[in-house]
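Visitor: Below: sequence and its predicted model.
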Number of protein chains: 2
Amino acid sequence: MGPVRDVCVIGLGLIGGSVLRAAVAAGRTAWGASESTVDAEAAAADGYDAGSDVAAALRRAAANDALVVLAVPLTAVDAVLRLVAEHAPGCLLTDVTSVKGPVRDAVRRSAPDARFAGGHPMAGTAESGWKAGTPELFSGAAWVVCVEDDTDLSAWREAAMLALDSGAHVVPLRADAHDETVARISHLPHLLAAVLATVGAQGGPLAAALAAGSFSDGTRVAGSRPELVRAMTEGNRAALLPVLDEALGLLGAARGSLASTGGLAATVNAGHDALRSLTEHRAAPRASVTLDLGAPDAREGLLALGERGGRLTALDGETLTGEVA
Amino acid sequence: MGPVRDVCVIGLGLIGGSVLRAAVAAGRTAWGASESTVDAEAAAADGYDAGSDVAAALRRAAANDALVVLAVPLTAVDAVLRLVAEHAPGCLLTDVTSVKGPVRDAVRRSAPDARFAGGHPMAGTAESGWKAGTPELFSGAAWVVCVEDDTDLSAWREAAMLALDSGAHVVPLRADAHDETVARISHLPHLLAAVLATVGAQGGPLAAALAAGSFSDGTRVAGSRPELVRAMTEGNRAALLPVLDEALGLLGAARGSLASTGGLAATVNAGHDALRSLTEHRAAPRASVTLDLGAPDAREGLLALGERGGRLTALDGETLTGEVA
């Protein structure tokens, strides 16, 4: 087992604040910085090693070869990466942003010397800011850690270790596969919920009086903070557009079939079968797997596992263990 | 207070079987008949007055001036109405089908002498058949009882009394208002859930591995029995088509905006505002109201209440009491 790295978290909102707490709870030396003095002061008041001087936090990371965690909104990533390039150019770097292709491209552009592996812990709440964070936020969650052809496996290892230390399981994926999948299972649901809520409200007080389970379920995430929903959907534009087109195509086909033959069998049966196949996959028995991060084909092994829906649950030295259906 | 009517239920599946149980539990004399011998025998085995001779059940209803409740699938309504016209032509008649315009038209066509007020108890489970029913199925549910310009108010009164006896509250509405509203808050959610499940499953095992709350919520009703979803959506074709077009228009606008400007503010903000307005309406303080069923403007009073999202919770003689925001 290698050394336990120090952790430097840039950005102390819900996710970054929870990463800092989780790292400290796991026994790591960890510090944070945020340009939001509200979050920085709240973190310091809670006894964490936190301040508002991002450059100083990064210089300390460089001096200690710490893992730097970018936990700022996508729109602020480029600016922070320029600080990384200035103050900790060769650092071990990961991030916790909800889209992975744009961050990968930004790192290549703005901090090309960083040893980088992107990450996305798939957890959150409707709240935001330091105050909303907890050390247990990632417990039981999937945490994607990206693998590209040029990914530094030492950086990948450190990002995965942080995820595991936080109670999450690791899903290794290419950034593009991540972005397409979250477009399907997270971003499209948010847009459909918004559309459904809007169409429902056109029914006025009567709609409110008669709406029951199917409407409540289908609109629940329309209650999320609009700026968070916009950040993740707009930030994933390239992957979301073709997924939106799939949904429009299917809904248009349903409309056409209802108008012409009066039938909705194709739409309804396909949806029912699809949900069953997903449910069966989640319930399928899983086999244990072991991967050697030091093997020459480690990248291929990681990606094959992730693409099959597998997960990694422990890392001991260079040996990863996990499970796959 | 008028006489407590006997109740004759035709169709003993989930809804009809629950109506029969609820009527008996309320102290009514009630009997049922179903062409499904499985349901009829199961009802009889549970100690209910039930058989498979629909004509005999209807003749008994005619002899006792009972309230006849049609609880058969929409596709079987015309055939049963012809039996009503033959064996109990002037009976008090209601139904519990999920669309109201088509049943209203069928009654005018096939059983024009019946004293009819359509109904729709907005309750159900994923299961079907007599075995799935309970006397409490309608407890706390909305039960729409339709009011048209030609609705016989004695039939409306009997249908409302049955709903109240079953533990539901009554929402008085025109059939067309009902059908448009359920298209918005029930049928569209089912179609969007089917589309979302289908798009999600295109993401394969990886989608299953990463899907969390927004996807589970948005696809839950895709697990409903396809034949039930088809029956209600296809049966409401006329009202559902324009609602589907609204959804397609909004989703298409989102797609266009994302592709051109990259922004989704209009879509996301509209959905958030719509959900909040619906939630606020449901939480709004309600005032008590009283209506006199014997008043010359009783129909107008009922419709005004229903259209404002109001509900009726008790009926004593000709006096209805309820609440509205």
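Guide: Ah, there it is. Quick caveat: nothing in here was measured; it's all calculated off a predicted structure.

Visitor: Can you show me the strands along the stretch 1-150 of chain A?
Guide: A:7-10, A:30-33, A:50-51, A:67-70, A:92-95, A:115-116, A:119-121, A:142-146 (DSSP state E, counting those that start in this stretch).

Visitor: which stretch among these comes nearest B:Ala209?
Guide: Between B:Ala209 and the strands of the stretch 1-150 of chain A, the tightest spacing by C-beta to C-beta is seen for strand A:142-146, at 6.5 Å. Quick note: C-beta positions are derived from backbone N, CA and C, even for glycine.

Visitor: partners of that closest one in the sheet?
Guide: Partners of strand A:142-146 in the sheet, by DSSP bridges, are strand A:119-121 (antiparallel), strand A:169-173 (parallel).

Visitor: Next, the buried residues of it.
Guide: Across strand A:142-146, burial judged by 16 or more other C-beta atoms under 10 Å in any protein chain shown covers A:142-146.

Visitor: just how off-centre is that strand within its chain?
Guide: Centroid displacement of strand A:142-146 relative to its chain, using C-alpha atoms, centre = their mean, to the nearest Å, is 7 Å.

Visitor: ditto for stretch A:31-46
Guide: Going by C-alpha atoms, centre = their mean, where stretch A:31-46 is centred and where its chain is centred differ by 22 Å.

Visitor: do stretch A:71-80 as well
Guide: When C-alpha coordinates are averaged (C-alpha atoms, centre = their mean), stretch A:71-80 and its chain have centres 15 Å apart.

Visitor: Is chain B within reach of that stretch?
Guide: No: counting by C-beta under 8 Å from any C-beta of the partner chain, no contacts exist between stretch A:71-80 and chain B, the nearest distance being 11.9 Å.

Visitor: could you dump the strands paired with strand A:142-146 to TSV with mean pLDDT and mean neighbour count?
Guide: Putting the strands paired with strand A:142-146 into TSV (pLDDT from 0 to 100; neighbours: other C-beta atoms under 10 Å in any protein chain shown) gives the following:
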stretch	mean pLDDT	mean neighbour count
strand A:119-121	97	26
strand A:169-173	98	27
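
Visitor: So for B:Ala66, which of the strands of the stretch 1-150 of chain A sits nearest?
Guide: Across the strands of the stretch 1-150 of chain A (criterion: C-beta to C-beta), the nearest stretch is strand A:142-146, sitting at 58.5 Å.

Visitor: after that closest one comes which helix or strand?
Guide: Next helix or strand after strand A:142-146 toward the C-terminus (DSSP states H and E): helix A:153-165.

Visitor: and the angle from that following helix to strand A:142-146?
Guide: Note on geometry: by axes from the mean of the first three to the mean of the last three C-alpha atoms, to 10 degrees, helix A:153-165 and strand A:142-146 are set 170 degrees apart in direction.

Visitor: List the buried residues of helix A:153-165.
Guide: For helix A:153-165, using 16+ other C-beta under 10 Å, the buried residues are A:153, A:155-165.

Visitor: circling back to that earlier point, just the closest of the buried residues of strand A:142-146 to A:Gly310, please.
Guide: Using C-beta to C-beta, A:Ala142 is the member of those that lies nearest A:Gly310, at 10.9 Å.

Visitor: So the closest one is in contact with B:Ala207, correct?
Guide: No: look at A:Ala142 against B:Ala207 with C-beta atoms under 8 Å: they stay out of range, at 11.6 Å.

Visitor: Can you spell out the domain ranges of chain A, please?
Guide: Using automatic domain parsing, the domains assigned to chain A come out as A:7-173+A:287-324, A:178-283.

Visitor: Same list, these, but as TSV with distance to B:Ala66 please.
Guide: Compiled in TSV, these are given as follows (distance: least, C-beta to C-beta, whole Å):
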stretch	distance to B:Ala66
domain A:7-173+A:287-324	52
domain A:178-283	29
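
Visitor: remind me which residues of the stretch 51-200 of chain A are low pLDDT?
Guide: In the predicted model, the stretch 51-200 of chain A carries pLDDT under 70 at residues A:126.

Visitor: Which stretches in it count as helices?
Guide: Across the stretch 51-200 of chain A, reading from the start of the chain, the helices by DSSP state H, counting those that start in this stretch fall at A:54-64, A:77-87, A:101-110, A:153-165, A:175-182, A:188-201.

Visitor: Specify the beta-bridge partners of the most centrally placed residue in chain A.
Guide: For chain A, A:His120 is the residue whose C-alpha lies nearest the centre (C-alpha atoms, centre = their mean; 2.7 Å). Taking DSSP bridges, one obtains A:Val144 as the residues bridged to A:His120.

Visitor: Quick check: it touching A:Val96?
Guide: Yes: between A:His120 and A:Val96 a contact is recorded at 6.5 Å, counting by C-beta under 8 Å.

Visitor: on that earlier part again, of the strands paired with strand A:142-146, which is nearest A:Ala33?
Guide: Closest of the strands paired with strand A:142-146 to A:Ala33 is strand A:119-121, at 18.6 Å (criterion: C-beta to C-beta).

Visitor: Return the distance of the closest one from the chain's centre.
Guide: Relative to its parent chain, strand A:119-121 has a centroid offset of 4 Å by C-alpha atoms, centre = their mean.

Visitor: Ok, stretch A:169-176 next?
Guide: 9 Å.

Visitor: now do stretch A:50-67
Guide: Put simply, stretch A:50-67 sits 23 Å off its chain's centre (C-alpha atoms, centre = their mean).

Visitor: Show the backbone phi and psi for A:Glu136.
Guide: A:Glu136 has phi and psi values of phi -100, psi 10 when expressed as degrees, to the nearest 10.

Visitor: need the contact list for it.
Guide: By C-beta atoms under 8 Å, 6 or more residues apart in numbering or on different chains, A:Glu136 lies in contact with A:22, A:167.

Visitor: do you know how far A:Leu14 is from A:Gly32?
Guide: Computed with C-beta to C-beta, to the nearest Å, the distance linking A:Leu14 and A:Gly32 is 13 Å.

Visitor: And for A:Pro112?
Guide: Shown here: A:Pro112 relative to A:Gly32, a distance of 25 Å by C-beta to C-beta.

Visitor: of the two, who's got more company?
Guide: In this view A:Pro112 and A:Gly32 are compared by other C-beta atoms under 10 Å in any protein chain shown, and A:Gly32 has more residues nearby, 30 against 11.

Visitor: surely that one meets A:Gly13?
Guide: No: contact status for A:Gly32 versus A:Gly13: not in contact, 10.5 Å apart, counting by C-beta under 8 Å.

Visitor: I'd like the helices of the stretch 51-200 of chain A laid out as CSV, including distance to A:Ser18.
Guide: Shown next, in CSV, are those (distance: least, C-beta to C-beta, whole Å):
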stretch, distance to A:Ser18
helix A:54-64, 17
helix A:77-87, 18
helix A:101-110, 19
helix A:153-165, 12
helix A:175-182, 19
helix A:188-201, 21
